[in-house]
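Trainee: need coordinates for the following:
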Amino acid sequence: MKRVFFPTSLALVLVLAGCASAPQSNYYSLSGTAEPAPATAARGDFAISLSSVEIPEQVDRPQIVLSREGDAQVTLLNESQWASPLADEIRNALSHDLTRRLGVLDVSPRAAPESLPLWALGVTIQRFESVYGRRALLEATWRQAPRRGTQGAQAICRAEIEVPVQEGMSALVAGHQQALDTLAGLMADKLSGRALEAGQGVTLKGCA
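Mentor: Numbering: from 1, shown residues only. Model (predicted):
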């Protein structure tokens, strides 16, 4: 029986070829870009404290989960993943958008000075749907509670936001970024005492 020996260079080529054939994953983030604050932003003398965001278990995965129109089947995209856990991505995006709109800091209650009025905020995501080439859909409930002498009422509100998207993963992620920015706008309006308005693609489901 003859033994077959592969030259070292040939073995290296085969290893590299195997690596090259493996699909490469693309990573996406929901965090917004460094945009200037809106001209109507209220420069508040308070801070916010946004807690961890709760999300549905079916989308709590590294992969982006695609839904199918009129079908219960979902698809996990191993080649398209979130840059960090989805709950963290959503929280970071909302924190960025809220602080940009309100002109305030998002801080831990332990880190905030005792003299600084504080709003405690919480968000629960009921639906986070991604339909390729069709829409990004977000349904969320948010809670606001005054702390440390903050002037305002406790409230809980719910809204559904749908953003049409074109084909492509970047377009789908951008749709979710827009939906989260819209949610942050509703949260900022409620904190500032302004009436909530259902803009395009927004369905308000009430406040209590």
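
Trainee: quick one: low-confidence residue ranges for the protein.
Mentor: Low-confidence segments of the chain (pLDDT under 70): 1-23, 32-44.

Trainee: the residue nearest to the spatial centre of it - nearest residue in space that isn't next to it in sequence?
Mentor: Within the chain, one residue has its C-alpha closest to the average C-alpha position: by Cα atoms, centre = their mean, that is residue 90, at 2.5 Å. If the residues on either side of it in the chain are set aside, residue 90 comes closest to residue 53, at 4.8 Å by Cβ to Cβ, 6 or more residues apart in numbering. The way it works is simple: take the backbone N, C-alpha and C, and place the C-beta from them, glycine included.

Trainee: likewise residue 193?
Mentor: Closest residue to residue 193 in three dimensions, ignoring its sequence neighbours and counting by Cβ to Cβ, 6+ apart: residue 152, at 7.0 Å.

Trainee: Provide the secondary structure category for the one you found.
Mentor: Here residue 152 takes the coil state, with states given by DSSP: H, G, I helix; E, B strand; the rest coil.

Trainee: quick one: contacts for the residue nearest to the centre of the chain?
Mentor: Remark: with contacts taken as Cβ atoms under 8 Å, 6 or more residues apart in numbering, residue 90 is in contact with 30, 53, 55, 123, 125, 128, 180.

Trainee: now it, what's its secondary structure?
Mentor: Judged by three-state DSSP, the three-state class of residue 90 is helix.

Trainee: after the one helix or strand residue 144 maps to, which helix or strand is next? Please name it.
Mentor: Here residue 144 is covered by strand 135-147, with elements defined by DSSP states H and E. Remark: after strand 135-147, the chain's next helix or strand is strand 155-164, criterion DSSP H and E.

Trainee: who touches that following strand?
Mentor: Outside strand 155-164, the residues that touch it by Cβ under 8 Å, 6+ apart are 126-127, 134-144, 175-176, 178-179, 182-183, 186, 190, 196, 201-208.

Trainee: gap between that strand and the chain center?
Mentor: Relative to the centre of its chain, strand 155-164 is centred 13 Å away, using Cα atoms, centre = their mean, to the nearest Å.

Trainee: quick one, longest helix in the protein?
Mentor: The helix that spans the most residues within the chain, counting by DSSP state H, is helix 169-191.

Trainee: can you give me the angle that one makes with strand 155-164?
Mentor: Relative orientation of helix 169-191 versus strand 155-164 (axes from the mean of the first three to the mean of the last three Cα atoms, to 10 degrees): 150 degrees.

Trainee: and the angle from helix 169-191 to strand 135-147?
Mentor: Computed with the same axes, to 10 degrees, the direction of helix 169-191 lies at 30 degrees from that of strand 135-147.

Trainee: show me where the chain has helices.
Mentor: Secondary structure of the chain by DSSP H: the helices cover 8-21, 86-102, 169-191.

Trainee: so for residue 48, which of these sits nearest?
Mentor: Put simply, out of these the one that sits nearest residue 48 is helix 86-102, at 6.2 Å, with distance taken as Cβ to Cβ.
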